[in-house]
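Peer 1: Give me coordinates for this.
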Amino acid sequence: MYTLPHSLHDHVRTAALRVMEGGRHLTDEIAWILREVDANEIRAKAVRDHLYRMVRSGDLDPAVDVEATSLHMPDWLRLRCERSLGERLQAFLDASALDAPVFLRVNTLQATMEQCIETLAPFDVTQISEETLRADRPYGLFRSEAFAAGWFEQQDITSQRVVRSMNVIPGQRVYDACAGVGGKALHIAALMQNKGRIVALDVVESKLLELKRRARRAGATIIEPRHITSTKTVKRLADSADRVLIDVPCSGTGVLRRNPDITWHLTEDQLDELVQQQADILRRNARTCKPGGMVVYATCSVLREEGADQIERFIAENNEFTVTNSWSTLPGEDEGDGFYVAVLTRSTPS
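Peer 2: The predicted structure follows:
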C-alpha cells in the first residue's frame, strides 16, 4: 500500500476540512489536489484513498491506514436508516464505508464488447455482463481515446439495472423526467438502437447542456433535452409516453461509498423537503404516461420514506396505476449501489 508523502499531508487535510466544514464536494477537492501536485497513478490513488478515508471517518490524521475506516453519520440520519433497515443497518454501514467498483457500460451505438475488452486491457477490465465491464485500474481511463470516441460510459451496475427495468424497445416515445447529465438517457438510447424519441427533462439547464455534449460523443441522436421552465412544460406531455423514468432527487444514502460527503452536508430539514419534492415529481410526471404505458420510479436511497412509502401513497391516490414489480438493493449487493425501484403500469380506460 502506498504511503501518502508528508508533502501532501497539508493538502489532503485542508481538502478534508473544506469538505466536512465548508460544504465542498469531495470530487472537486481531489481534482484540486491533483492539479496542485505532480500526479501519477500511484500518487493519485494515495490522495484519493486517504481523502475518502478522512471524510468517511472524520479522522484528519493523514498517517492513519486507509483501510482502518468507519463511517461518519449524524445521529438523526443513523436513526432514519435504522427505522428503514432494522437488522440490516450494520451491513449497510459496513458496506457504505468501502470503496465502490468502477463499472463501465459499453456503448453499443459506437463499439462492441470485444473492442472495449481489447482496447481497455491496460485498465484491467473484466466483463461482468453482456454490456458491463469493471475497471480495476481506472487511472487515466477518461483520457483514453476509447472514451473520447464514445465507446463506453461510467455507470454503476445497479443503475444499469434500473434502465433495463423499463423494458424499452426501438421506436417508443420515452420521457426521462429528471435526466440530469443524461447517464440513464444515454443507456436508454443504446437499448432503443437510436430508434424512437427520448425527451430528457430537467430543471437545471446546465445539466442539459452537459447531456447534449455527452450525447454527441455517444452518438445518441434520439435524445431531445428539454428545460423545465414551469409546470406547463410537463403538463403539455400528458398521456403521450410509452415509458416514463422518474429517477428522483434523493438523499443519496444508497451511494455513500462514492459520495461520503453526503453525511456531512445533508440536513434533516433537507431530507424532509426532498420527500415532499419526490411526491410532487412522481404525481406530475406519472401523468405523462399514456394508458397502457409504464412508469419506472427510482431512487438511490435506502430510506423507506423515499422509496416504498412514496409508491404506497401514490397508488392509494391514483388507482389507474398498478405496481407490477419492485425491488431494492443495499450498497455492495452484486457490487452495485443501493436503490429502490418500482415499475408501474397505467391501465387502459374500459
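
Peer 1: Without its sequence neighbours, what residue ends up closest to D247?
Peer 2: Closest residue to D247 apart from its sequence neighbours, by Cβ to Cβ, 6 or more residues apart in numbering: A298 at 4.5 Å. Every residue, glycine included, has its C-beta placed from N, CA and C.

Peer 1: Report the contact partners of that neighbour.
Peer 2: 162, 245-248, 339-341 (Cβ atoms under 8 Å, 6 or more residues apart in numbering).

Peer 1: so it sits in a helix?
Peer 2: No. Inclusion of A298 in a helix is not indicated when DSSP: H, G, I helix; E, B strand; the rest coil is applied; the result is strand.

Peer 1: which residues pair with it across the strands?
Peer 2: D247, V341 (DSSP bridges).

Peer 1: just the buried members of the contacts of A298?
Peer 2: Among the contacts of A298, those scoring as buried are 162, 245-248, 339-341 (criterion: 16 or more other Cβ atoms under 10 Å).

Peer 1: count of neighbours near the closest residue to N259 other than its chain neighbours?
Peer 2: Nearest-residue entry for N259: G252, 5.7 Å, with adjacent residues in sequence omitted and distances by Cβ to Cβ, 6+ apart. Neighbourhood size, G252 [other Cβ atoms under 10 Å]: 22.

Peer 1: same check, this time on Q154
Peer 2: When neighbours are counted by other Cβ under 10 Å, Q154 registers 15.

Peer 1: surely it meets V106?
Peer 2: No. Counting by Cβ atoms under 8 Å, Q154 stays clear of V106, with 11.5 Å between them.

Peer 1: Break this protein down into its domains, please.
Peer 2: Under the assignment automatic domain parsing, the domains of the chain span 1-70, 102-154, 157-346.

Peer 1: Quick one: closest of those domains to D94.
Peer 2: domain 157-346 (8.3 Å; Cβ to Cβ).

Peer 1: how far out from the middle of the chain is the closest one?
Peer 2: Centroid separation for domain 157-346 versus its chain: 10 Å, with Cα atoms, centre = their mean, to the nearest Å.

Peer 1: same thing with stretch 137-156?
Peer 2: So, by Cα atoms, centre = their mean, the centroid of stretch 137-156 is 17 Å from its chain's centroid.

Peer 1: buried stuff in that stretch?
Peer 2: So, applying 16+ other Cβ under 10 Å, buried residues of stretch 137-156: 138-139, 141, 146-147, 149-153, 155-156.

Peer 1: other SSEs contacting the top helix by length along the chain?
Peer 2: For the chain, the helix that runs over the most residues, judged by DSSP state H, is helix 268-286. When contacts are defined as 3 or more Cβ pairs under 8 Å, 6 or more residues apart in numbering; DSSP states H and E, helix 268-286 packs onto helix 75-85, helix 231-235, strand 241-247, strand 289-299, helix 308-317.

Peer 1: could you give the angle of the third one to helix 308-317?
Peer 2: If you take axes from the mean of the first three to the mean of the last three Cα atoms, to 10 degrees, strand 241-247 sits at 140 degrees to helix 308-317.

Peer 1: ditto for the fourth one
Peer 2: Here strand 289-299 points in a direction 160 degrees away from that of helix 308-317 (the same axes, to 10 degrees).

Peer 1: model confidence over strand 289-299, on average?
Peer 2: In this model, strand 289-299 has a mean pLDDT of 97.

Peer 1: Please save the CA atoms from it in PDB.
Peer 2: Provided in PDB are the C-alpha atoms of strand 289-299 (Å, rounded to 0.1, in the frame of the first residue of the first chain):
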ATOM      1  CA  CYS A 289     -47.500   8.100 -19.300                       C
ATOM      2  CA  LYS A 290     -50.200   7.100 -21.700                       C
ATOM      3  CA  PRO A 291     -52.700   4.400 -20.800                       C
ATOM      4  CA  GLY A 292     -51.100   1.000 -21.300                       C
ATOM      5  CA  GLY A 293     -47.700   2.500 -20.700                       C
ATOM      6  CA  MET A 294     -45.100   2.000 -18.000                       C
ATOM      7  CA  VAL A 295     -43.600   4.300 -15.300                       C
ATOM      8  CA  VAL A 296     -40.400   3.400 -13.500                       C
ATOM      9  CA  TYR A 297     -39.800   5.200 -10.200                       C
ATOM     10  CA  ALA A 298     -36.200   5.000  -8.900                       C
ATOM     11  CA  THR A 299     -34.200   6.500  -6.100                       C
END
